[in-house]
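# Below are the sequence and a predicted model; questions follow.
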Amino acid sequence: MEQKRNSFSGSIGFVLAAAGSAVGLGNIWRFPYLAAKDGGGLFLVVYLVLALTFGFTLLVSEVSIGRKTKQSCLTAYGKLKPQWGFLGTIASIVPFLIMPYYCIIGGWVLKYCVTFITGQGLAAAGDGYFTGFISSPVEPIIYDVIFLLLTCIVVFRGVNKGIESLSKILMPVLLILVIGISIYSLTINGGEENANRTGMQGFMMYVIPNIDGMGVKDIMVVVMDAMGQLFYSISVAMGIMITYGSYFKDKDNLMKSVNQIEIFDTVVAFLAGVMIIPAVFVFLGPEGMDAGPGLMFVAMPKIFSQMGIAGTILGIVFFVMVLFAALTSSVSILEAVVSGLIDKTGVSRKKATVMEGVIALAIGVVICLGYNLLYFEFKLPNGATAQILDIVDYVSNNILMPVVAIGTCILIGWVCKPKTVIEEATKNGEKFYRKGLYIAMVKYIAPVLLFVLLLGSLGVFNF
């Protein structure tokens, strides 16, 4: 017997849940790092253009596929076109691979929350603190278990009582915290010991485009970075938006909701830079952004340690905010896997959650041990040096996600035709204001850009 499918109570629940998925660790630590690396305002402009074109195309396609088929990513593609069921299998592998290591990183965030709440913020600022923590054979696993358990509890409770209820509480709080930290960051004055640098100077470095010495090759790097960031930012090509779209009621305005998700995500991504870049500029100088993706766990505690008591309070608020963002995203990742198991096998939500939770924990333990007992270094095709976590991240984000996105564009653009999505998105008489742009993007521009991104990830060429 086919189970009655759950649904969000309304468009607000859908938007907050989808935004909760989109606003995660990628926005908060990766976006500011890339913005600082890629010419500040130049990256922002490129990102915004891509969000309104490339991002919009993938987002509206996936939500429409989900609502039209009323299936998770594992089975939605096959229901749309039986010969394309293989794409659903590939798409479902992405959240399956991401889930274990995302909970590990969520555990790292939880560790720093506990550290600051218990007044140990100064210790977290010490050299080697982060490395010492992740290389411990036991402690990271404990925090991984706690974070994974929290995620499983939410998904265990279902779409309405779990995912939607959590999102309605955490997302408004998250936005308030982000805005509050951003305002504070702009008001910072480093004093003489920090060359009188101010938060506003750092903000200007963030928003004003810097193209000095940049050639065509450098511009292409910015474009590829911004496009890669969009995968993290809007949660596409990992089955999540198809799954959440399947819970979106037919009577609700799909186009309006997609636009709201775009706006919410872009605003938070921009504010993440406002939170971090001015503070890093004031206390660590322009070269401080070289901390790269490790910025959140290495550079930020050092900054908080220089702020005195205000730094302790701000550190608590900051890591609680990051924890909220990580939790709403991990819930969406787990839901994509659990929903697929339910649709494919007919098992209950509770059993599917427990099954995936146990598997994610087992894989997570192996990944954690990759920083100590199982440590090794591996050279990836894109030139990066990797451990186990980096390898899993590379396979899921740099290879499988572009493949899924390319497949989606081919399926919608050439096999089922764009009208499949357009008709679903406007079934209640909504206006599809970017119709011409959507057709051009899904058929031609997006597949080409994605193929270039995939070739770069595979090391075929380097910009």
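Right, received. Where do you want to start?
# contacts and neighbour counts: CA atoms only from here.
Fine.
# What is the burial count for T266?
T266: 23 surrounding residues under other C-alpha atoms under 10 Å.
# other SSEs contacting the helix or strand where it lies?
T266 belongs to helix 254-284 when assigned by DSSP states H and E. Counting contacts by 3 or more C-alpha pairs under 8 Å, 6 or more residues apart in numbering; DSSP states H and E, helix 254-284 is packed against helix 11-22, helix 31-37, helix 56-69, helix 165-186, helix 199-207, helix 216-234, helix 300-305.
# so which of these comes closest to L48?
helix 216-234 (8.9 Å; C-alpha to C-alpha).
# Who are the packing partners of the helix or strand just after the closest one?
Moving toward the C-terminus from helix 216-234, the next helix or strand (DSSP H and E) is helix 240-246. Contact analysis of helix 240-246 by 3+ C-alpha pairs under 8 Å, 6+ apart lists helix 11-22, helix 56-69, helix 73-80, helix 309-345 as its packing neighbours.
# before we move on, what SS does I153 have?
The assignment at I153 comes out as helix when based on DSSP: H, G, I helix; E, B strand; the rest coil.
# neighbours around the residue nearest to it when sequence neighbours are not counted, how many?
Leaving aside its chain neighbours, I153 sits nearest to G162 (7.8 Å; criterion: C-alpha to C-alpha, 6 or more residues apart in numbering). The number of residues packed near G162 is 17, by other C-alpha under 10 Å.
# And G162, how far from L323?
Distance from G162 to L323, counting by C-alpha to C-alpha, to the nearest Å: 17 Å.
# what's V282 in contact with, if anything?
With contacts defined as C-alpha atoms under 8 Å, 6 or more residues apart in numbering, V282 is in contact with 188-190, 194, 196-199, 202.
# Looking at the chain, name the residue that lies furthest from the middle.
Relative to the C-alpha centroid of the chain, counting by C-alpha atoms, centre = their mean, E192 is the outermost residue, at 37.8 Å.
# so I367 touches A386, yeah?
No. Counting by C-alpha atoms under 8 Å, A386 is not a contact partner of I367; they are 11.9 Å apart.
# ok, the two, which is more surrounded?
Using other C-alpha under 10 Å as the criterion, I367 and A386 rank with I367 on top: 23 against 16.
# Ok, which of the helices and strands packed on helix 254-284 comes nearest M255?
Per C-alpha to C-alpha, nearest to M255 of these: helix 56-69, 7.5 Å.
# how big is the angle separating that closest one from helix 73-80?
Counting by axes from the mean of the first three to the mean of the last three C-alpha atoms, to 10 degrees, helix 56-69 lies at 80 degrees to helix 73-80.
# hmm, who's touching helix 56-69?
Contacts to helix 56-69, defined as C-alpha under 8 Å, 6+ apart, come from residues 72-73, 76-77, 79-80, 234, 236-237, 241-250, 254-255, 258, 262, 405, 409, 412, 421, 424-425, 438, 441-442.
# Can you tell me which of these are buried?
Buried subset of the contacts of helix 56-69 (neighbour count, 16 or more other C-alpha atoms under 10 Å): 72-73, 76-77, 79-80, 234, 236-237, 241-250, 254-255, 258, 262, 405, 409, 412, 421, 424-425, 438, 441-442.
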